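J.: kindly generate the corresponding structure for this input.
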Amino acid sequence: MTAAEHDYLSDHGTEAHRVTWQDWRGLFCFRTTWGMIFGFFGTVYMLWLYYAWLPQYLEIQWHFSIAKTGWVAAVPFMCGVVGSLAGGRICDTLVRRGFSPITSCKIVLVCSLFGTVLCTVLAAYTSSSVFAVGCISVSLFLINCTSCAAWAMATVAADRSCTASLGSIQNFGGYLGGALAPTVTGFIVQATGSFRPALLVGALVVFSAGVAHLVFVGEPILPARDRVT
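T.: Sure thing, here's the model as predicted:
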């Protein structure tokens, strides 16, 4: 390391507080933790709905050929890659403009989740395949913005000694949603013969995730040693 790097570490401290069982258990005492769990549940639910079912959606709902499905399905996923990059940049921009790190992540999360709901509902009811693919592309852009902001939230919502624990707790909620989405969607499509109800259920889950972030996230998560008992 350079001398400047040594000075930086000396100024900011290198001694990490060891996470105890009390620290880990105490994370569940905060509304912010539960907002992050439920919020990421909805985020990953919608991601895996598209990851698992987008090609079949294009074939079954719009009667695309397999060859056409391949390149058309690539467009929304490319938008998702751009969304992953954009989400972080927007959070950084909001911080530079004076918002707290938690608030900047929350703004991106809530706006992106509610935007995803709107685009998903439009995709469910449109009679145009081009418009449907456009709406799904915007949905994947926004939901990947959400995912990026959610992981940024895990680094700023708690003391740095609890960052990994909080991230794993959030991820647990997310992959419950990720496990359910392909199964629930498959049952709905099998029962109804249409993807419209499945998309509307996904929109409802994402809307609930947005409300969870809006209502619960915001209270800083203090380490156990700093809590008033």
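
J.: every contact and neighbour count from this point should use C-alpha atoms.
T.: Will do.

J.: low-confidence stretches in the protein?
T.: Residues of the chain meeting the criterion pLDDT under 70: 1, 5-18, 222-229.

J.: in space, what's closest to the residue nearest the centre of it - neighbours in sequence excluded?
T.: Nearest to the mean C-alpha position of the chain, by C-alpha atoms, centre = their mean, lies Ser147 at 3.1 Å. Computed as C-alpha to C-alpha, 6 or more residues apart in numbering, the closest residue to Ser147 that is not its neighbour in sequence is Thr43, at 6.7 Å.

J.: just give me the neighbour total for the one you found.
T.: 33 (other C-alpha atoms under 10 Å).

J.: for Leu85, see how far away the residue nearest to the centre of the chain is.
T.: 10 Å (C-alpha to C-alpha, to the nearest Å).

J.: now do the contacts for the residue nearest to the centre of the chain.
T.: Phe40, Thr43, Val44, Ser84, Leu109 (C-alpha atoms under 8 Å, 6 or more residues apart in numbering).

J.: farthest-separated two in the residues you listed?
T.: Greatest spacing in the contacts of Ser147, by C-alpha to C-alpha: Phe40 and Ser84 (14.8 Å).

J.: more crowded one of those two?
T.: Neighbour totals were compared for Phe40 and Ser84, and Phe40 leads with 32 against 20 (other C-alpha under 10 Å).

J.: ok so that one is a strand residue?
T.: No: assigned with DSSP: H, G, I helix; E, B strand; the rest coil, Phe40 falls outside any strand and is helix.

J.: if we ignore the residues flanking it in sequence, what's nearest it?
T.: Gly174 (4.6 Å).

J.: that neighbour - how many residues pack around it?
T.: 23.

J.: and the helix or strand where it lies, what does it pack onto?
T.: Using DSSP states H and E, Gly174 sits within helix 163-192. The helices and strands touching helix 163-192, judged by 3 or more C-alpha pairs under 8 Å, 6 or more residues apart in numbering; DSSP states H and E, are helix 31-62, helix 129-156, helix 196-216.

J.: want to throw these into CSV with distance to Val75?
T.: Output for the helices and strands packed on helix 163-192, formatted as CSV (distance: least, C-alpha to C-alpha, whole Å):
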stretch, distance to Val75
helix 31-62, 11
helix 129-156, 7
helix 196-216, 19
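
J.: of all these, which one is nearest Thr183?
T.: Comparing the helices and strands packed on helix 163-192 by C-alpha to C-alpha, helix 31-62 comes nearest, at 9.1 Å.

J.: the helix holding Gly174 vs helix 129-156, what angle?
T.: 160 degrees (axes from the mean of the first three to the mean of the last three C-alpha atoms, to 10 degrees).
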